[in-house]
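[1] Here is my input; please provide its structure:
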Amino acid sequence: MPLDAICLAAVGEEVSRLIIGSKIDKIQQPERDMLVFSLRTLTGSCRLLVSAGSGDKRVHITEHRFDNPAAPPMYCMLLRKHLTGARITGVTQPRAERVLELELDARDAMGVSSKKTLIVELIGRLSNVILTDADGLIIDCLRRIGGELTDRRVVLPGLIYRGPPAQEGKADPTAVDEDAWPALYDTAVLSSGDKPVCNWLLSAFSAMSPLICRELTWRAYRNVDIRFEETGDNGEALRREFFKLTSLAGQGRFEPWMVYDGDGAPLDFSYTEIMQYEGLLAVTPEKSFSEMLDRFYTHSSLLARIRQRASATAKTVKTARDRIIRKLAAQQAELSRTEDRNLSRECGDIIMSNLHLMKKGQKTLTAPDYFSDDGGSRQITLDPLKTPQQNAAKYYKDYTKQKNAEGFLSEQIRIGQSELTYLESVLEEITLVENERDISEIRRELIQTGYIKAQKKTPDKTAETAPMRFESSTGFRIAAGRNNLQNDKLTLKTASRFDVWLHAQKIHGAHVILSCDEKGPDEASLLEAAAIAAYYSAARSGGKVPIDYALARYVKKPQGARPGMVVYTDYKTLVVTPDEKLISRLRKVTEKK
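    Alright, predicted model coming up:
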């Protein structure tokens, strides 16, 4: 994992400067393996995130806000009992271990001061958050570990806490003496065979991630896959780079660096510059380790968890959408058959004009086709059980049926296409959800539109969320709807006649309202509002996005239209590019207020 023991030391050093001396104000447990501590410091407040999840274990300061579950878990209630109001007095890390210990001054139920320690272990699948008292006894832990799960260590309430066992056969890289290097290297040459040098580094030393092992090899030999027999210098270049890195780590000289893939998504991170990709991937310095980890883990993992929980709702919508698509295809095919309805009327006319030549029991009629331009003849199939008049009546009836079907099918296709557009917009909403409330509101919308049955026994008590709020660089207020119901409310009820309405052109997206007076907005605010409309649309990952904008009074809802569907006039169009950093900056302004 990228967050190895040395990287954790860098994070711990940064975090300790911010939280030592702070008091724990609130404690949340938004996910099973995640805790969020709201802290009051001398300079303000911050939130400390602790995650022991298998794929996103970490500790850092976060700017994200999390929704509380309907009922707090038992471990969260225990932490609130013991740690609310406690002061953080120290942050320590056992040498070369992925463990942080938060030392706390707390008060017991009688108001007596007591020492407690919150131990965060980030050690693979057995990662844990353990609360101990002044004597080292475990009060409780996030993940109780019994003898059936591991033969090494038991972590249960009432036992004395013992740290995780050291990794067998691995040395602490920060404690290796340069005089011991030749022996280590010679042993590696004899035992590693044709394995890459980076594999030996990973297996021989603790506290080093695969990324760092490859980086050391690249810095030494400009080749991450080099073998021992290919080095040609008896490991001298590797020794130099190894001790250069450990020296910087020993001095606490860490720098946060992020690696981004070709699409601009975070791919990896480190506490030192990563040069092995040689320009193929973007490697940029970050402002802080907490901001880096927030971007790498919190945003992506939060969205992944929300999307996972939204999958059931998405499946319901996709099933309804696919059903409508199949129905539309059948209706389109049936409508295409009505295009030949005039042939039925013509056959009836030809039969009526040739009644004197026909008799009952006749199976076909061949007669001059006076509807043809070339004056040829037409062969008409007849029902021998019907009279000539009855055969003509049948063709006239088929013509009338097909004519009526054309109007009915055209209307049904129009309604179906409107339903399909609506369901596509709901699917787009689901891809943009940010929290549990967003999912609940989408389900509420689907209940109102009849796609989900309401549960009488378990009513949805989730409070309605407010629209997303932003503030332009020149101080104008901007709001964006999170779902179709909110879009309707924002556009048709909340917006004033002088406000500007914005929406991505001809694609699904949020309704954006730029609040302003009769003087109108400035160009910068209009462009920023357009960027918000582009970002919260189906074109978020695209390039240039056309955004239509008009005064809110020119936006109307057609009679009987589905939520979120509007028509507008007197509009203009801007072309902008979705910019996540701009959106984040405009949104942070309102969150701080």
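[2] Mind splitting the protein into its structural domains?
    5-141, 173-290, 319-465, 468-592 (automatic domain parsing).
[3] want to throw these into JSON lines with mean neighbour count?
    Where C-beta positions appear, they are placed from N, C-alpha and C, glycine not excepted. As requested, those are arranged in JSON lines below (neighbours: other CB atoms under 10 Å):
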{"stretch": "domain 5-141", "mean neighbour count": "18"}
{"stretch": "domain 173-290", "mean neighbour count": "16"}
{"stretch": "domain 319-465", "mean neighbour count": "15"}
{"stretch": "domain 468-592", "mean neighbour count": "18"}
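[4] For residue 161, which of those is the nearest?
    domain 5-141 (4.9 Å; CB to CB).
[5] so how far is the closest one from its chain's centroid?
    26 Å (CA atoms, centre = their mean, to the nearest Å).
[6] can you check stretch 171-179 too?
    With CA atoms, centre = their mean, you get 42 Å for stretch 171-179.
[7] Contacts for stretch 436-448, please.
    Here stretch 436-448 makes contact (CB atoms under 8 Å, 6 or more residues apart in numbering) with 67, 306, 309-310, 313, 316-317, 426, 429-430, 432-433, 452-454, 460, 462-465, 482-486, 563.
[8] Take the domains of the chain and write them to CSV, including distance to residue 155 and mean pLDDT.
    CSV is the format used below for those (distance: least, CB to CB, whole Å; pLDDT from 0 to 100):
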stretch, distance to residue 155, mean pLDDT
domain 5-141, 5, 91
domain 173-290, 21, 89
domain 319-465, 30, 84
domain 468-592, 37, 90
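[9] Let's have those domains in a markdown table, adding distance to residue 162.
    Formatted as a markdown table, the domains of the chain follow (distance: least, CB to CB, whole Å):
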| stretch | distance to residue 162 |
| --- | --- |
| domain 5-141 | 9 |
| domain 173-290 | 18 |
| domain 319-465 | 38 |
| domain 468-592 | 42 |
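[10] Compare these and give me the one nearest residue 296.
    domain 173-290 (4.5 Å).
[11] that older thread, quick check: strands, which of the contacts of stretch 436-448 are part of them?
    Among the contacts of stretch 436-448, no member is found in strands (DSSP state E).
[12] From those residues, which land in helices?
    306, 309, 310, 313, 316, 317, 426, 429, 430, 484, 485, 486 (DSSP state H).
[13] Test of understanding: give the bridge partners of residue 99.
    Residue 99 has the following beta-bridge partners by DSSP bridges: residue 121.
[14] List the beta-bridge partners for the nearest residue to residue 294 once chain neighbours are set aside.
    In space, and not counting its chain neighbours, residue 294 is closest to residue 62: 5.3 Å by CB to CB, 6 or more residues apart in numbering. Residues in a beta bridge with residue 62, per DSSP bridges, are residue 47.
[15] what sits against residue 47?
    Contacts of residue 47 (CB under 8 Å, 6+ apart): 36, 37, 38, 39, 61, 62, 63, 64, 65.
[16] helices or strands up against the helix or strand containing residue 191?
    Element membership for residue 191 (DSSP states H and E) is helix 181-192. Packing contacts for helix 181-192, counted by 3 or more CB pairs under 8 Å, 6 or more residues apart in numbering; DSSP states H and E, involve helix 197-204, helix 228-231, helix 236-250.
[17] could you give the angle of it to helix 197-204?
    Interaxial angle, helix 181-192 versus helix 197-204 (axes from the mean of the first three to the mean of the last three CA atoms, to 10 degrees): 100 degrees.
[18] doesn't residue 514 make contact with residue 496?
    No - assessed by CB atoms under 8 Å, residue 496 is found out of contact with residue 514, at 11.0 Å.
[19] hmm, who's touching stretch 527-547?
    Outside stretch 527-547, the residues touching it (CB under 8 Å, 6+ apart) are 263, 428, 432, 468, 470, 472-473, 476, 478, 480, 500, 502-505, 507-510, 512, 514, 521, 549, 573-580, 582-583, 586.
[20] re the thing from before, just the ones in helices among the contacts of stretch 436-448 now: which is nearest residue 329?
    residue 317 (18.8 Å).
[21] show me what contacts the closest one?
    423, 426, 427, 430, 446, 451.
[22] From the residues you listed, pick the one nearest residue 338.
    residue 423 (26.8 Å).
[23] did I read that right, that closest one in a helix?
    Yes - the assignment for residue 423 (DSSP: H, G, I helix; E, B strand; the rest coil) places it in a helix.
[24] Relative to residue 319, how far out is it?
    10 Å (CB to CB, to the nearest Å).
[25] May I see the contacts of residue 317 organised as JSON lines, with distance to residue 157 added?
    Output for the contacts of residue 317, formatted as JSON lines (distance: CB to CB, whole Å):
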{"residue": "423", "distance to residue 157": "50"}
{"residue": "426", "distance to residue 157": "46"}
{"residue": "427", "distance to residue 157": "46"}
{"residue": "430", "distance to residue 157": "41"}
{"residue": "446", "distance to residue 157": "44"}
{"residue": "451", "distance to residue 157": "47"}
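[26] What is the most widely separated pair among those residues?
    430 and 451 (12.7 Å).
[27] Next up, phi/psi of the residue of the chain most remote from its centre, please.
    Going by CA atoms, centre = their mean, the residue of the chain most distant from its centre is residue 356, 76.8 Å out. The phi/psi pair for residue 356 (degrees, to the nearest 10) reads phi -70, psi -20.
[28] What of residue 269?
    phi -150, psi 170.
[29] show me what contacts it?
    Here residue 269 is in contact with 2, 7, 256, 257, 258, 259, 286, 292, 293, 296 (CB under 8 Å, 6+ apart).
[30] how near is it to residue 277?
    13 Å.
[31] Can you pull the residues that touch both of these two?
    residue 259.
[32] still on that earlier bit, does the residue nearest to residue 294 really touch residue 49, like I thought?
    Yes - applying CB under 8 Å as the test, residue 62 and residue 49 come out as touching, 4.1 Å apart.
[33] Strands along the stretch 351-500 of the chain, start to end?
    For the stretch 351-500 of the chain, strands defined by DSSP state E, counting those that start in this stretch occupy the ranges 364-368, 377-381, 468-471, 477-480, 500-504.
[34] The second one pairs with which strands?
    Think strand 377-381. Strand 377-381 is paired, per DSSP bridges, with strand 364-368 (antiparallel).
[35] Convert the strand it pairs with to PDB, retaining C-alpha atoms only.
    Extracted in PDB, the C-alpha atoms of strand 364-368 (Å, rounded to 0.1, in the frame of the first residue of the first chain):
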ATOM      1  CA  THR A 364     -58.600 -13.100 -55.900                       C
ATOM      2  CA  LEU A 365     -59.500 -10.100 -58.100                       C
ATOM      3  CA  THR A 366     -57.400  -8.900 -60.900                       C
ATOM      4  CA  ALA A 367     -58.500  -5.500 -62.100                       C
ATOM      5  CA  PRO A 368     -57.200  -2.300 -63.600                       C
END
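[36] quick one on the thing from earlier: redo the strands of the stretch 351-500 of the chain as a markdown table? Include distance to residue 206.
    As requested, these are exported to a markdown table (distance: least, CB to CB, whole Å):
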| stretch | distance to residue 206 |
| --- | --- |
| strand 364-368 | 93 |
| strand 377-381 | 88 |
| strand 468-471 | 45 |
| strand 477-480 | 48 |
| strand 500-504 | 51 |
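[37] follow-up on the earlier one: how near is the residue nearest to residue 294 to residue 52?
    The gap separating residue 62 from residue 52 is 15 Å, by CB to CB.
[38] and what of residue 269?
    19 Å.
[39] now do residue 569
    Residue 569 is 55 Å from residue 52, by CB to CB.
[40] if we can go back for a sec, relative to residue 492, which of the contacts of residue 317 is nearest.
    Distances from residue 492 to these, taken by CB to CB, are shortest for residue 426, at 18.6 Å.
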